[in-house]
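*Asks:* Just the structure for this:
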Amino acid sequence: MPKKDRLELARFLLFLDNRSIDSNDVDLSWEKEITERVRAVEQGKATGIDYAKAMKSIEKRFES
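*Replies:* Presented below is the predicted three-dimensional model:
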């Protein structure tokens, strides 16, 4: 899946499950962050990493 599409999917999933009146500020902050990341990808200013490698790195970071 192209990077832009992955970012849009992440945006959709984050906001789909996180809707409440109390989370408006958080929603707006995430919306801004995701929009900036999508723009960076579109402009070629950001590079993605392989999902499996990212997950492996995250798991390693949080091992006990």
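*Asks:* Can you give me the neighbour number for A40?
*Replies:* 14 (other CB atoms under 10 Å). All C-beta spots, glycine's among them, are computed from the backbone N, C-alpha and C.
*Asks:* State the pLDDT value of it.
*Replies:* At A40, the model reports a pLDDT of 93.
*Asks:* what do you get for S29?
*Replies:* Confidence for S29, expressed as pLDDT, is 87.
*Asks:* Kindly report the same for S23.
*Replies:* pLDDT, S23: 65.
*Asks:* For the remainder of this discussion, apply numbering that starts at 48.
*Replies:* With 48 as the first residue, the last one maps to S70.
*Asks:* which residues touch the spatially most central residue of the chain?
*Replies:* Note on the chain: the residue nearest the mean C-alpha position is A57, at 5.0 Å, using CA atoms, centre = their mean. Listed by CB atoms under 8 Å, 6 or more residues apart in numbering, the contact partners of A57 are I81.
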